[in-house]
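Sequence plus predicted model, see below.
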Amino acid sequence: MLINKHTFSVFHTVARGLEAQRLAISASTDNIANATTTRKADGTMYAMKRPVHEVPDDRYRRFDNMLNQMQSSMATPDGQHFDGTSLRRRLHEAEMGPTTSIEDDAVYRTEFDPSHPHADENGYVLYPDVNVVEEMARLISANRIYDANLSAFQTSKEVIKRTLEI
């Protein structure tokens, strides 16, 4: 059996997914914890945090285009269905999965509370516009996706382990 770098590429993809969801979980928990925070320790306003998942280049589109091309070439009965061009060879070094960064979302809501120490001259206080229910939904979703990535990791590990036992 030939073990090469492609055998373990699934772990790179899973690691990207785990990192993305870890950051999403962290952002949601920070937002929930600071839903009623008017100022941070340094005196600045707390801004909601949003995870931004980005694909660094057009790898997903490339994969989709190549998959569509291969499927359409398989549909034509010309006898050359398996010409040796595999997606894996065409997408060498492809690390699937997004890169994730956290961005501040400075959106605020006002509440009337003239007794609050940070109230303005009209008695209004600025709070971060955190909807705790939405943040809990984001938190649960990110947690489930994180668990799915862990399951994919464990399954891939078990498949490779059993393959090596053959």
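Arrived safely. Numbering: from 1, shown residues only.

residue ranges for the helices of the protein, please.
9-33, 59-75, 87-90, 132-165 (DSSP state H).

quick one: which of those is nearest P51?
helix 9-33 (4.3 Å; Cβ to Cβ). (Glycine included, C-beta is placed from N, CA and C.)

what helices or strands is that closest one leaning on?
strand 48-54, strand 99-105, helix 132-165 (3 or more Cβ pairs under 8 Å, 6 or more residues apart in numbering; DSSP states H and E).

Export those to TSV and append columns for mean neighbour count and mean pLDDT.
Formatted as TSV, the helices and strands packed on helix 9-33 follow (neighbours: other Cβ atoms under 10 Å; pLDDT from 0 to 100):
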stretch	mean neighbour count	mean pLDDT
strand 48-54	16	87
strand 99-105	14	83
helix 132-165	13	92
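
Switch the helices of the chain over to TSV; also include distance to T110.
Compiled in TSV, those are given as follows (distance: least, Cβ to Cβ, whole Å):
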stretch	distance to T110
helix 9-33	18
helix 59-75	41
helix 87-90	53
helix 132-165	17
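
Against G123, how distant is S101?
The gap separating S101 from G123 is 37 Å, by Cβ to Cβ, to the nearest Å.

cool, L67 as well?
From L67 to G123 the distance is 60 Å (Cβ to Cβ).

Spatially central residue in this protein, please.
A20 (3.6 Å; Cα atoms, centre = their mean).

That one is in contact with E54, isn't it?
No - contact criterion Cβ atoms under 8 Å: A20 and E54 do not qualify, at 9.9 Å.
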